[in-house]
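Asks: What shape does this take:
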Amino acid sequence: MSLSNCEAEQSTNERELCLGAHISISGSFAHAVSIAQSYGCKCMQIFTKNPRTWHAKYIEPSLAAAFHEACEHASHASFPVFAHGSYLANPASSKPAQIEKSIPSILTEIMRCERLHIPYLVLHCGHGQDESLSLASDRVISCLIEVYSHLQEHPDHDHCHPVMILLENGPGDANCVGSTFEELATILDGVSDLGFSKLIGVCFDTCHAHAAGYALSTESEVGSVCDEFFSVIEHQRLHLIHLNDAAHPCGSGRDRHLPPGEGLIGNPGFSALLHHPFLRNLPFICEVPIPDSKSGQALIHSVTELCMRKE
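Replies: Numbers count the residues shown, from 1 in each chain. Below you'll find the predicted structure:
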């Protein structure tokens with residue numbers, strides 16, 4: 001799906017819940033679409049490669065074509081697909097060797113998304129090293145500038161399928177960049193005057209926000225957090241919600257996902273998130289282990305049921 005078509009679908013005021021999950025690409029990219037649909041997903045997220053290695057296996061044209069066809073023939077008029085970037089890339093690092101690996105890694109991920117026609121790549125801002133988070137945020141900005149500079153010059157860059165990087169809020173652990181909304185806003189402001197600024201957006205992770213100290217367990221708390229978020233980040237910058245419950249207390253800085261409603265955020269918080277006027281038309285992705293088809297169907301059904309009632 002193209003970026004423009006996905007945006008048009010998301011802007012619709014009246015539509016059914018766009019809910020999905022992170023799906024394994026074991027088997028093939030196209031098979032992941034079939035798995036997602038068997039769960040009842042209306043969107044999905046994948047890794048385009050192993051996120052814990054630098055190596056990226058070449059995507060054969062036949063595999064890419066089969067994935068394009070599977071997405072086009074999905075049972076829904078629109079089937080938004082998101083990719084999640086490597087866990088190894090650290091654009092905030094002060095270590096030159098790590099930056100030298102992170103820039104080509106992010107570039108490779110973007111180009112893999114181009115080949116697969118995936119319009120969004122979720123990226124962690126990374127961690128600094130016992131120093132000012134302001135300096136680390138500046139390095140994220142510099143890294144993004146380098147990535148898009150190299151992309152424009154790359155002979156295999158596909159201009160017809162632009163990819164937007166979605167910066168994900170962090171969980172507030174030590175030296176983590178992007179754990180506050182102000183830090184994300186600083187990075188967005190740092191690229192605002194550049195030619196690629198429209199290709200930088202935000203992904204909001206509920207577990208990460210909870211871990212970083214943003215309480216989301218009641219309707220009033222959700223309202224306050226959203227007001228704070230949108231006071232520094234424009235509505236149109238937010239493109240995806242990672243809908244994850246939390247195993248650890250608010251402000252713990254510990255990131256462990258649970259299915260929505262099974263952790264410390266709880267059903268009232270997720271009901272408020274799903275019904276919030278600035279969030280309800282966005283895609284929601286659950287990032288929890290799904291051992292089998294029955295579990296996947298139960299996950300999508302339980303969140304859909306929660307959306308249908310107001311806690």
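
Asks: can you map out the strands along the stretch 101-250 of the chain?
Replies: All strands of the stretch 101-250 of the chain, identified by DSSP state E, counting those that start in this stretch, fall at 120-124, 164-168, 200-205, 238-242, 245-246.

Asks: for those strands, which one sits closest to residue 21?
Replies: With distances scored as CB to CB, the stretch of the strands of the stretch 101-250 of the chain nearest to residue 21 is strand 238-242 (10.5 Å). C-betas here are computed from N, CA, C, even on glycine.

Asks: strand partners of that closest one, parallel vs antiparallel please.
Replies: Sheet pairing for strand 238-242, assigned by DSSP bridges, gives strand 200-205 (parallel), strand 284-286 (parallel).

Asks: for the ones you listed, which one ends up most surrounded?
Replies: Ranked by mean neighbour count, the strands paired with strand 238-242 are led by strand 284-286 with a mean of 26 (mean count of other CB atoms under 10 Å).

Asks: quick one: contacts for residue 110?
Replies: 121, 147, 151, 163, 165 (CB atoms under 8 Å, 6 or more residues apart in numbering).

Asks: repeat that with 6 Å
Replies: Residue 110 sits next to residue 163 when contact means CB atoms under 6 Å, 6 or more residues apart in numbering.

Asks: how close does residue 203 sit to residue 45?
Replies: Distance from residue 203 to residue 45, counting by CB to CB, to the nearest Å: 10 Å.

Asks: Ignore what I typed, I meant residue 65.
Replies: Applying CB to CB to residue 65 and residue 45 gives a distance of 21 Å.

Asks: Neighbour count for those two, which is higher?
Replies: Between residue 65 and residue 45, counting by other CB atoms under 10 Å, residue 45 is the more crowded of the two (26 against 11).

Asks: Torsion angles phi and psi at that one?
Replies: Backbone torsions of residue 45, given as degrees, to the nearest 10, read phi -130, psi 140.

Asks: and if you look at residue 57?
Replies: The phi/psi pair for residue 57 (degrees, to the nearest 10) is phi -70, psi 140.

Asks: Excluding sequence neighbours, find me the nearest residue to it.
Replies: In this structure, residue 57 finds its nearest non-sequential neighbour in residue 49, 6.6 Å apart by CB to CB, 6 or more residues apart in numbering.

Asks: I'd say that neighbour and residue 55 touch.
Replies: No. The criterion here is CB atoms under 6 Å, and residue 49 misses it with residue 55 at 7.6 Å.

Asks: re earlier: mind putting the strands of the stretch 101-250 of the chain into JSON lines with distance to residue 23 and mean pLDDT?
Replies: Output for those, formatted as JSON lines (distance: least, CB to CB, whole Å; pLDDT from 0 to 100):
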{"stretch": "strand 120-124", "distance to residue 23": "14", "mean pLDDT": "98"}
{"stretch": "strand 164-168", "distance to residue 23": "17", "mean pLDDT": "98"}
{"stretch": "strand 200-205", "distance to residue 23": "17", "mean pLDDT": "98"}
{"stretch": "strand 238-242", "distance to residue 23": "14", "mean pLDDT": "98"}
{"stretch": "strand 245-246", "distance to residue 23": "19", "mean pLDDT": "98"}
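
Asks: would you list those in CSV and tack on distance to residue 32?
Replies: Listed next are those as CSV, based on distance: least, CB to CB, whole Å:
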stretch, distance to residue 32
strand 120-124, 16
strand 164-168, 19
strand 200-205, 19
strand 238-242, 17
strand 245-246, 24
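
Asks: between the ones you listed, which one is nearest to residue 281?
Replies: strand 238-242 (10.6 Å).

Asks: now what about that closest one, what contacts it?
Replies: Against strand 238-242 from outside (CB under 6 Å, 6+ apart): 82, 166, 201-205, 282-285, 287.

Asks: same thing but 7 Å
Replies: Contact with strand 238-242 is made by 82, 120, 122, 164, 166, 201-206, 279, 282-285, 287, as judged by CB atoms under 7 Å, 6 or more residues apart in numbering.

Asks: Under a three-state scheme, what state does residue 49 occupy?
Replies: Counting by DSSP: H, G, I helix; E, B strand; the rest coil, the backbone at residue 49 sits in coil.

Asks: how many neighbours does it have?
Replies: Residue 49, neighbours per other CB under 10 Å, totals 20.

Asks: Isn't it up against residue 56?
Replies: Yes. If you go by CB atoms under 7 Å, residue 49 and residue 56 touch, sitting 4.5 Å apart.

Asks: No more questions from me, cheers.
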